[in-house]
Every structure is written in C-alpha cells, then in structure tokens.
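K.L.:
just a sequence and a predicted model for now, questions to come.
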Amino acid sequence: MQDSYIIKRGAPPPVSPKKRKQRRSQIRLVAGTLLVIVVAGVGWGWYQYASSYAERAAAHVNAGILLLSPGHYPDAVDQFNAALEIDPNSSTAHFQRGVAEQTLGLLDRALADFADALRLNPRNTEARTASATVYRDKGDPQRAIEELTKVIAAKPDADAYYQRGTTFAGMGMHQEAIKDFTQVVSVLGDAPWVLKSRAKSKLALGDEEGAAADETEAATSTHTADMNSHRY
C-alpha cells in the first residue's frame, strides 16, 4: 500500500486541456521566433557574402580596365580571368577580356568572349560591334557588315556606323563608307579620326577638294578625343 502511495505521490499532476493548449501555443511561438532569427541570420550572411562576391569581381574588372589604357593587355587579361573565376556570368568581364584578347591577336578567344558577353546581356551592342571588328580582322568583312547592320537597325550607334564605314572602305565601297562616316560626324561633330577616314574615301573617288576640306577640318578640330582613344 505504501508503494502504491509513493507512485501516486511521484506522478505528475494532471494537466487540464486548456493548459495543454496554452503550452503548445507557447512552444510554437518560441519555435517560430527561433526560426525567424535563424532565417534572418542566414539571409544577412548571404547578403554580405553576395555583396562581397560582387564587389570582389567588380574590383578585378575595374583593375583590368585600368590596365587596358596603358597597354598592359596580358595583365588586364589576368584581372578579367580573376573576375570570371568569381563571377562567370559577368558580361562586362567577358567583354573587356575580349577587347584585350583582340588587341593581342587572340581573335578566336576574343570572339568567344564577345559571344558570351552578348549571351549574358543581349542589350550589349558593344559586344556585337566588337564581334564584327573581329570578323573583319579575320578576313570576313561581309560578316562584319552584316553584324554591324544588325546593331544599327536595333539602335543607331556612332561606333557601329564608324566601324561599318571603315569596313566598307576596306572593301573599296567608298560611297557607302562616306555615308557612314557622315552619320558619325553628325553625332560626334568634327572628330578628327572620322574626318580623316572620310577624306581617304573621298580621295579614292577622286574628290580631291572634299578630301582636302576634311583634312583641314581634322587638323583644326578642337575635338578632345583622338584616334588612339577610340576603342578600335
């Protein structure tokens, strides 16, 4: 009888259904609060990682661009490689690496990078224009004309007009070249490299007076840019 009494004394008191419901609510509340804290912590950590991730890739891209201007193309390629190891989907890194590779004569690699840049950002008209100049460098001016015409049809661009004019001139199609150079002049004004290019086409067609006028205007141009500052 004593043992039975001890068991009864050691058993927990019965819990009413109301209290059980309250306890379950409290447990859910605590669990929910902990979940929110964990999710918020993970989210903040991911945000910091993503920000750092993007910043590190951008830092390499910016360093590479700075190296392009003084002509340190292999070093620039190294920086763009580093950026793409961090962020393989950087359209800018692909494009800029393509610019460096084209200058180094690595035309197939440049063409692949420009294609990736365009795939990742279909609005990157610079990549299509650059691809066209690679086709021209590879000895396929007709493909270059086709690509540049696509750029101009989608979004008239002074650089695309200039590159198409240069390509036309190289093919001996000087009337077409003059039209494109004139389009560039209407946008950029008396840019000396454009005026000199147009002068050559005019001279090729026997327009010595027109060529001389363009040469004179180019020589007296106050345009701040020069041929070396033009990307291509």
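P.N.:
Great, that's in hand. Numbers count the residues shown, from 1 in each chain.
K.L.:
measure residue 111 to residue 64 for me?
P.N.:
From residue 111 across to residue 64, the span is 19 Å (Cβ to Cβ, to the nearest Å). (Each C-beta comes from the backbone N, C-alpha and C, glycine too.)
K.L.:
cool, and residue 57?
P.N.:
Distance, residue 57 to residue 64, by Cβ to Cβ: 11 Å.
K.L.:
repeat that for residue 178.
P.N.:
Counting by Cβ to Cβ, the gap from residue 178 to residue 64 is 37 Å.
K.L.:
torsion angles phi and psi at the residue nearest to residue 137 when sequence neighbours are not counted?
P.N.:
The shortest distance from residue 137 to any non-neighbouring residue, by Cβ to Cβ, 6 or more residues apart in numbering, is to residue 107 (5.8 Å). According to degrees, to the nearest 10, the main-chain angles of residue 107 amount to phi -70, psi -40.
K.L.:
pLDDT weak spots in this structure?
P.N.:
For the chain, the stretches flagged by pLDDT under 70 are 1-51, 224-232.
K.L.:
list the buried residues for stretch 125-143?
P.N.:
Neighbour-count burial for stretch 125-143, counted by 16 or more other Cβ atoms under 10 Å, picks out 125-137, 141, 143.
K.L.:
quick one: distance of that stretch to the chain centre.
P.N.:
Relative to its parent chain, stretch 125-143 has a centroid offset of 17 Å by Cα atoms, centre = their mean, to the nearest Å.
K.L.:
helices of the protein, residue ranges please.
P.N.:
Taking DSSP state H as the test, the helices found in the chain are 2-10, 17-68, 73-86, 91-103, 107-120, 125-137, 141-154, 158-170, 174-188, 192-204, 208-219.
K.L.:
give me the most central residue, the protein.
P.N.:
What sits nearest the mean C-alpha location of the chain, by Cα atoms, centre = their mean, is residue 92, with 2.4 Å.
K.L.:
before we move on, the earlier item: residue 111 and residue 64: who's more crowded?
P.N.:
residue 64 (26 against 19; other Cβ atoms under 10 Å).
K.L.:
how near is that one to residue 86?
P.N.:
According to Cβ to Cβ, residue 64 and residue 86 sit 13 Å apart.
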